[in-house]
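**Student:** sequence first, predicted model second:
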Amino acid sequence: MGDARSARSGRDLSAVPAAIGGVQSPPDSVESTGVTRPLLSGTLLFHLNLSYSAIEAGERAEVVRRCYRPILLLLDRLPWLVLALEAPGHTLERARELDPEWIERLRERVHEGRVELVGSGDTQLIGPLVPASVNEWNQRLGQETHAALLGHRPRVALVGEMAWSQGIVDAYVGAGYRGLVMEWNNPRRAHPEWRDEWRYGTVSTTSSTGRSVRVLWADAVAFQKLQRAAMGELEERDYVDWVLARGDASAPRHLSLYANDAEVFDYRPGRYRSEPRLESSEWERMERLLTTLHAGGVRFTTPSAVLEDAAFDTGAEVVLGSVADPVPVKKQPKYNATRWALTGRDDLGLNTRCFARARELERTGGDREAWRALCRDWSSDLRTHLTEERWRDHLRALEPDPVLPDTGARAGGPLGTRRVERSDRELRLSTDDVELVLLPRRGLAIGALAFPSVAREPLCGTLPHGTFDDIEYAADFYSGHVVLDVPAEHRVTDLERTEPEVEVLEDRIEVRAEVPTGAGALRKTVTVLADSVRLEYAFSRLGQRPAGTLRAGFVTLLPGGLGDPLFVRCANGGAKERFEVTGDFDHGAPVSPLVSARAVLGATDGTLELEDGRRMLELSWPNWRAAALPLLSARSIGAKRLVRVAFSLAELDETLRPGAPLTDFSMTLSARRLAA
């Protein structure tokens, strides 16, 4: 394959092992069973995380001994090997307390060039689900810890849980990173226009604000194969043959052999019943695998060396997210961003408190330690398979919820003309700038909502039965309602007859109702303000979160309101991103009977905008009171289109645990014209 380097390359780290160990790099191709195999560049990237959800605090020293020390031992035994290691600042601090000698040896290996330190933040958190300010602080604090403990500030970072958005790029670039490691498989699935060959090279991507960064692909299939081979579930020869078959004599290729947890080797945290038994040393088996790959022509290198090598530059400029999958994450579809937002022991409650704390720190400033504590409260591992003991410890350590100024609701102004018209089927409310039709027979669902100064036709409301010819869609598609689904048990909605109370005031028209549902009476309030409509749902009166899904605040677009092309805009951990709504997709469609959703929008500033370049419908909600997240769906049905948004307060997956309280939720709908 050659060893061409671009003029911007730094030191050739791939040559370091030969200099240290006296072992020459293998030739560009080797003869193996009579077949000439081209040399393939491979990287090993071990992710270290002592906050791993299934590890008890008392077991962390054992994890360092069984999982971290063997990584450096591999380097001692294989003088031609270089590898990469990534650990959040929090993990490095804990490792220093538990095993200062290991930290010192790691520091030496980093300075020798045998280990490339790949960066991450202070804490492993899910960037597209937290505010931009938290992402910025997390990366800044992580770099400070890397420098303090290991004397090095890395220039390549591993994206946390490989949960991506274009918005988070700014936080990494701002912290000094020039390259990011991200999974190939899920973004590729959403981008059929990409070339398969790109998976073996590097690409560029640009943030929402125009800042560019290089991307090196990890491969979920490759790292799962190495795990299986090291655990004895895959024959070593089959694994080696699979890797060597990735090589191509016609073009240089890089394969990320591993970019995942170190804690899965020679240690069983008991996270899954299906965990393979630990029968022999998996690190020894890995040593054999790496030695065989080396003999077969694989040249081990580092992420930065690949990113700096012009031979691997595909020249492609890509956007990784898509409207169908705006926050791609690693591995199979059951792993999506809802698992850190809407499931777990109480993801919604944890995120709500964190958003409130972030809002307070943004308002008051806050020192480094306050931001560090917030980053750690936003740890992804508090939101998945956290042990009971650690969950109780976390609840005891929680600070009181901050008291925030009541600035979440849109301020009301004089309404001007106010009209209320009642009939058996409809309740019509109108002002100078809002026209709203509610359906008392359907729990105050929205029949139509118009903003006359923005568009003549209603923007959202109800599509009645018979709108679509396809029998699969022969139903009413409402707005403003609630659906609670408990699989194999029942579906509960608030689409029931109710007798609302209406109060007309100078600055608002307020409609209140107790809607009977199968889960109890739901208090629901609809308020018409000067230029907006607010919906409020008192879910806290219904008790605990269901072992299923709870979706509210549905918004169904009506024909004639917003035109084509249609776009959705929101902030996913950074500046706002804009996606064109094309094709058929449904974020809230189940992946399996155990996983109720497949994608979600981060919407970390509490707003979502649907616009056609001329008009915009904005949905906003105080996420510091309820960190619900929007699920978007779109489908072409004949010549017509069905586009809907629903706000989820609970989803279902294998991390869900009972006991979390339900949270009240409110959202506001408004509209405006866009500048030409």
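**Tutor:** Okay, I see it.
**Student:** please parse the protein into its domains.
**Tutor:** Domain assignment for the chain by automatic domain parsing gives 13-20+37-317, 419-673.
**Student:** where in the stretch 351-500 of the chain is pLDDT low?
**Tutor:** Scanning the stretch 351-500 of the chain for pLDDT under 70 picks out 403-412.
**Student:** rerun that using 80 as the cut-off
**Tutor:** Within the stretch 351-500 of the chain, the ranges that satisfy pLDDT under 80 run 398-413, 488.
**Student:** kindly export the host helix or strand of R372 (C-alpha atoms) in CSV.
**Tutor:** Using DSSP states H and E, R372 falls within helix 368-377. Output in CSV follows, covering the C-alpha atoms of helix 368-377 (Å, rounded to 0.1, in the frame of the first residue of the first chain):
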residue,chain,number,x,y,z
ARG,A,368,-15.5,25.0,37.0
GLU,A,369,-16.5,22.6,39.8
ALA,A,370,-20.2,23.4,39.3
TRP,A,371,-20.0,22.6,35.6
ARG,A,372,-17.9,19.5,36.3
ALA,A,373,-20.6,18.2,38.7
LEU,A,374,-23.3,18.9,36.1
CYS,A,375,-21.3,17.0,33.4
ARG,A,376,-21.0,14.0,35.8
ASP,A,377,-24.7,14.2,36.6
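**Student:** now the terminal residues of stretch 251-269, how far apart.
**Tutor:** Across stretch 251-269, the terminal residues are separated by 41 Å (CA to CA, to the nearest Å).
**Student:** mind listing what the nearest residue to A132 once chain neighbours are set aside touches?
**Tutor:** In space, A132 comes closest to G574 once its chain neighbours are excluded; the distance is 4.8 Å by CB to CB, 6 or more residues apart in numbering. No exception for glycine: its C-beta is placed from N, CA and C like everyone else's. Residues counted as contacts of G574 (CB atoms under 8 Å, 6 or more residues apart in numbering) are 132, 135, 165-171, 207-209.
**Student:** quick check, G574 in a strand?
**Tutor:** No: assessed with DSSP: H, G, I helix; E, B strand; the rest coil, G574 is coil; it does not lie in a strand.
**Student:** now do it against R211, distance only.
**Tutor:** Separation of G574 from R211 (CB to CB, to the nearest Å) stands at 10 Å.
**Student:** any residues in contact with both of these two?
**Tutor:** Common neighbours of G574 and R211 (CB under 8 Å, 6+ apart) are 169-170.
**Student:** can you add pLDDT and distance to R376 and give the contacts of G574 back as JSON lines?
**Tutor:** Formatted as JSON lines, those follow (pLDDT from 0 to 100; distance: CB to CB, whole Å):
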{"residue": "A132", "pLDDT": "98", "distance to R376": "18"}
{"residue": "N135", "pLDDT": "98", "distance to R376": "14"}
{"residue": "S165", "pLDDT": "98", "distance to R376": "21"}
{"residue": "Q166", "pLDDT": "97", "distance to R376": "26"}
{"residue": "G167", "pLDDT": "97", "distance to R376": "22"}
{"residue": "I168", "pLDDT": "98", "distance to R376": "18"}
{"residue": "V169", "pLDDT": "98", "distance to R376": "23"}
{"residue": "D170", "pLDDT": "98", "distance to R376": "22"}
{"residue": "A171", "pLDDT": "98", "distance to R376": "17"}
{"residue": "S207", "pLDDT": "96", "distance to R376": "25"}
{"residue": "S208", "pLDDT": "91", "distance to R376": "27"}
{"residue": "T209", "pLDDT": "96", "distance to R376": "27"}
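**Student:** which one of these sits closest to V159?
**Tutor:** Of all the contacts of G574, V159 sits closest to I168, with 7.5 Å by CB to CB.
**Student:** and the spatially closest residue to that closest one that is not a sequence neighbour, its phi and psi?
**Tutor:** Leaving aside its sequence neighbours, I168 sits nearest to G127 (CB to CB, 6+ apart; 3.9 Å). The phi and psi values for G127, taken as degrees, to the nearest 10, are phi -50, psi -40.
**Student:** report how many residues lie close to G127.
**Tutor:** Using other CB atoms under 10 Å, G127 has 30 neighbouring residues.
**Student:** same question for A61.
**Tutor:** When neighbours are defined as other CB under 10 Å, A61 has 15 of them.
**Student:** ok, and it, which helix or strand is that part of?
**Tutor:** If you go by DSSP H and E, A61 is part of helix 60-63.
**Student:** which strands and helices sit next to that helix?
**Tutor:** Other elements packing on helix 60-63 under the criterion 3 or more CB pairs under 8 Å, 6 or more residues apart in numbering; DSSP states H and E are helix 89-98.
**Student:** run the chain-centre distance for the helix it packs on.
**Tutor:** Here helix 89-98 is found 25 Å from its chain centre; the criterion is CA atoms, centre = their mean, to the nearest Å.
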